[in-house]
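Colleague: Okay, predicted coordinates and the sequence, questions at the end:
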Amino acid sequence: MKISKKLPKINFIGNKEKIAGWICSQFPKNCKTILDVFSGGGSISYEAKKKGLKVFSNDILKSNFILAQALIENNKETLSKNDINIIFKGNPFKGFMYKNYSNVHFFPEECMELDLYKKNINKLSSKYKKKLSLLLLRRSMIRKMPYSRFNILWKKVVQLRDEEFSYKHYKRKRAYHNQSLKHHFLDNLESYNSSIFDNNQKNEAHNLDVFTAIKKIKADIIYLDPPYTGTMNDYHSFYGLVDNYILSKKSKRFKNNFIDKSTIIKNFDKLFSKLNKFKYWYLSYNNRSYPSSDQILRLLRKYSNNVKLIKKKHNYKITGKNNKEANTEYLFIIDNK
């Protein structure tokens, strides 16, 4: 199998895949370690791994933790034909997904299939094969979901999975929503397998709150990509279902310190005040979020005299066509060495 060193399709709102190379090109060449403390869809962790850094990839979502275990921490384990046979063997049954999410996010027979696949994944021979399989099922679940997130009402899901309705109203049939979970799994298998590579580092995945992570983990660089306040950033409602599937129980809603405009400046200040042990700080934000770049610069300059802001035009897939030219990505760079 040929190793691609290419991040596979993940589907994560705010993912930096298209600008990961630009961001990581700003890192000093003498640095050896990085903490990606809001790792999300894993694009910066993956790009840093490609650069040969030891990566500490952290996120509070369980599904993003699984992603980091499968693609960042894992250096060699891939899925074989025998593994695939194990995953898809047997008869679907009425388990956790069927009992909780039938006609809520998926049709009953799809929930039963998910229950079977989860049970079978536990039969695989290694930790990283299990993580990679769960990550592929995450991709499969999202491919079946309109708008690629799980906060859509069931009535709307059913409408948009009706290909004739979708074509009549949106001029798109969205046939991929009705392809099977197994189809999507197998369709993405090669790209996920070929993305696994060894960068000769013992990379680590963590599932911690940001304040716990910065206290526990030491690295040369800290990269911060918090939820952008004032934008689509309710990640628990978007992807929490996958966490529930992984855990086979309904997960508690985690505290999002970066969603409320009334407390965001206070929380940024608290965060910046605890970063002194890191030599270099990199913070991503954009011009459509709150607070403004000037407000962030003022906060950062409380803790460092060497603060720089660089900018790049960047559009996320969810950006409306009329707003594309108005989007600018910010990268705040703090040299604290």
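Modeller: On my side now, so go ahead. Residues are numbered from 1 along each chain as shown.
Colleague: Quickly find the element holding residue 285.
Modeller: Secondary structure assigned from DSSP states H and E places residue 285 in strand 280-286.
Colleague: Just the buried positions in the helix or strand just after that strand, please.
Modeller: Of the helices and strands lying after strand 280-286 in sequence (DSSP H and E), the nearest is helix 293-300. Residues 293, 296, 299, 300 are the ones in helix 293-300 that count as buried (16 or more other C-beta atoms under 10 Å). For the C-beta atoms, the positions are set from N, CA and C on the backbone; glycine is no exception.
Colleague: residue boundaries of the strands in the stretch 201-337 of the chain?
Modeller: With DSSP state E, counting those that start in this stretch applied, the stretch 201-337 of the chain shows strands at 204-206, 221-224, 280-286, 307-313, 328-335, listed in chain order.
Colleague: Pretty sure residue 34 sits in a strand.
Modeller: Yes: the assignment for residue 34 by DSSP: H, G, I helix; E, B strand; the rest coil puts it in a strand.
Colleague: so it touches residue 220, yeah?
Modeller: Yes: using C-beta atoms under 8 Å, residue 34 is in contact with residue 220, at 6.9 Å.
Colleague: higher neighbour count, these two?
Modeller: Comparing residue 34 with residue 220 by other C-beta atoms under 10 Å, the one with more neighbours is residue 34, at 28 against 18.
Colleague: who's that one bridged to?
Modeller: When assigned by DSSP bridges, residue 34 has beta-bridge partners residue 55, residue 221.
Colleague: per-residue pLDDT, it?
Modeller: With respect to pLDDT, residue 34 scores 98.
Colleague: how much space is there between it and residue 99?
Modeller: Counting by C-beta to C-beta, to the nearest Å, the gap from residue 34 to residue 99 is 41 Å.
Colleague: repeat for residue 51
Modeller: As for residue 51, its distance to residue 99 is 45 Å (criterion: C-beta to C-beta).
Colleague: More neighbours: which of these two?
Modeller: Neighbours per residue, other C-beta under 10 Å: of residue 51 and residue 99, the larger number sits with residue 51, 15 against 10.
Colleague: how about the strand holding residue 285: buried residues?
Modeller: 280, 281, 282, 283, 284, 285, 286.
Colleague: Just give the nearest non-adjacent residue to the second one, would you?
Modeller: Closest residue in space to residue 281, ignoring its immediate chain neighbours: residue 334 at 3.8 Å, by C-beta to C-beta, 6 or more residues apart in numbering.
Colleague: Starting from the lengthiest helix in the chain, tell me the next helix or strand along the chain.
Modeller: In the chain, assigned by DSSP state H, the helix with the most residues is helix 127-143. For helix 127-143, the succeeding helix or strand toward the C-terminus, using DSSP H and E, is helix 154-161.
Colleague: now the residue positioned nearest the centre of the chain, what's its secondary structure?
Modeller: For the chain, the residue lying nearest the average C-alpha position, counting by C-alpha atoms, centre = their mean, turns out to be residue 41 (2.2 Å). Residue 41 falls in the coil class when you classify it by three-state DSSP.
Colleague: That one and residue 15 touch, don't they?
Modeller: Yes: between residue 41 and residue 15 there is a contact at 3.6 Å, judged by C-beta under 8 Å.
Colleague: What is the burial count for residue 176?
Modeller: Other residues near residue 176 come to 11 when the count uses other C-beta under 10 Å.
Colleague: one step back: so which of the buried residues of strand 280-286 would you say is closest to residue 130?
Modeller: Distances from residue 130 to the buried residues of strand 280-286, taken as C-beta to C-beta, are shortest for residue 284 (31.0 Å).
Colleague: so how many other residues sit close to the nearest residue to that closest one once chain neighbours are set aside?
Modeller: With sequence-adjacent residues excluded and distances taken as C-beta to C-beta, 6+ apart, residue 284 is closest to residue 225, at 4.5 Å. Residue 225 is flanked by 22 other residues according to other C-beta under 10 Å.
Colleague: Would you confirm that residue 225 contacts residue 14?
Modeller: Yes: in this structure, residue 225 sits in contact with residue 14. The criterion is C-beta under 8 Å, and the distance is 7.3 Å.
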